[in-house]
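Chemist: just coords:
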């Protein structure tokens, strides 16, 4: 690696790690723990993603790729893998229910948008949706939770409206960290792909940003980005769900892949006047 690329890589690494380090320190996560996870990841990635065709990946080659001592590699591999220690909750019921509302033909209209639902009594009600996708949880408990996080509301006819395409729990740090890890993984996988491929093979990853936006305008920008971003994701979800064989068994093809589209909004106060 040339000095120019090395310096550019270090600068990019410092920039992307800064908010992560801030978050980790806030949660009481030490540098020693961060280093432990990082060392294991260097070993795992070298072992799994950089194999030579037809050859078993040796500790010597992993050492060459990572710069980690060969004896240390053996010790690292003997320890529990942090990536496998965490057992996330089996699915997230509110999230499953919302996805059912967005995908199930009984709960969407002709244009593919989620129907307003009666709480109970109608042919396809909110309670039926919860029973279909929520297991033994009660419809009232789900409604109260989705109302609390702003994912549903009621219209003047007392029908329940879906206001968001995703469930983001406010108090469940475990689930928030899971979402953060998955979203970061997806974004950096795309960045890695784009660094290695020609523009015509690149995956979509675009940002629109300006660096002299008055702080007073941020509330409007934030609101519009949320509203239009949610609307875009709702439309994409309707189309993409029909490409999934679990949702649409009529889809033909082989193998199994995970594919999705993410958009994100950010803001960074560069200068604050008194």
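Modeler: Structure received. What you see is a predicted model, and the numbers here were worked out from it, not measured in a lab.
Chemist: switch to C-alpha atoms for all contacts and neighbour counts from now on
Modeler: OK.
Chemist: Tell me how this structure divides into domains.
Modeler: Taking automatic domain parsing as the domain assignment, the ranges for the chain are 1-85, 93-162.
Chemist: For the stretch 51-200 of the chain, just list every one of the helices.
Modeler: For the stretch 51-200 of the chain, the helices defined by DSSP state H, counting those that start in this stretch cover 59-66, 70-78, 82-85, 93-103, 126-133, 139-148, 173-196.
Chemist: Kindly reformat these as TSV containing mean neighbour count.
Modeler: Formatted as TSV, the helices of the stretch 51-200 of the chain follow (neighbours: other Cα atoms under 10 Å):
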stretch	mean neighbour count
helix 59-66	17
helix 70-78	13
helix 82-85	9
helix 93-103	21
helix 126-133	20
helix 139-148	16
helix 173-196	12
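Chemist: Turn the ones you listed into TSV, including distance to residue 48 and mean pLDDT.
Modeler: Output for these, formatted as TSV (distance: least, Cα to Cα, whole Å; pLDDT from 0 to 100):
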stretch	distance to residue 48	mean pLDDT
helix 59-66	10	94
helix 70-78	13	91
helix 82-85	14	73
helix 93-103	32	87
helix 126-133	36	92
helix 139-148	40	90
helix 173-196	15	82
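Chemist: Ok, which of those helices comes nearest residue 50?
Modeler: Proximity to residue 50 (Cα to Cα) singles out helix 59-66 among the helices of the stretch 51-200 of the chain, at 8.6 Å.
Chemist: Poorly predicted segments of the stretch 101-250 of the chain, please.
Modeler: 166-173 (pLDDT under 70).
Chemist: how about the strands in it?
Modeler: 152-154, 160-162 (DSSP state E, counting those that start in this stretch).
Chemist: starting at the chain centroid, how far to the first one?
Modeler: Meaning strand 152-154. Relative to the chain's own centre, strand 152-154 is displaced by 25 Å; criterion: Cα atoms, centre = their mean, to the nearest Å.
Chemist: circling back: could you look over the strands of the stretch 101-250 of the chain and pick the most buried one?
Modeler: Mean neighbour count (mean count of other Cα atoms under 10 Å) peaks for strand 160-162 among the strands of the stretch 101-250 of the chain, with a mean of 19.
Chemist: Using CSV, lay out the strands of the stretch 101-250 of the chain together with distance to residue 2.
Modeler: Shown next, in CSV, are the strands of the stretch 101-250 of the chain (distance: least, Cα to Cα, whole Å):
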stretch, distance to residue 2
strand 152-154, 53
strand 160-162, 52
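Chemist: can you tell which of those is closest to residue 103?
Modeler: Of all the strands of the stretch 101-250 of the chain, strand 160-162 comes closest under Cα to Cα, at 12.5 Å.
Chemist: ok, and what's touching that closest one?
Modeler: Residues outside strand 160-162 that contact it (Cα atoms under 8 Å, 6 or more residues apart in numbering) are 98, 114-119, 126, 151-155.
Chemist: what's the neighbour count on residue 112?
Modeler: Taking other Cα atoms under 10 Å as the criterion, the count of residues near residue 112 is 17.
Chemist: Report the spatially nearest residue to it, omitting neighbours in sequence.
Modeler: residue 238 (6.1 Å; Cα to Cα, 6 or more residues apart in numbering).
Chemist: distance of the one you found from residue 162?
Modeler: Separation of residue 238 from residue 162 (Cα to Cα, to the nearest Å): 14 Å.
Chemist: Work out which residue lies at the spatial centre of the protein.
Modeler: The residue lying closest to the centre of the chain (Cα atoms, centre = their mean) is residue 183, at 2.7 Å.
Chemist: circling back: of all the helices of the stretch 51-200 of the chain, which one is nearest residue 12?
Modeler: Among the helices of the stretch 51-200 of the chain, helix 173-196 sits nearest to residue 12 (Cα to Cα), with 11.9 Å.
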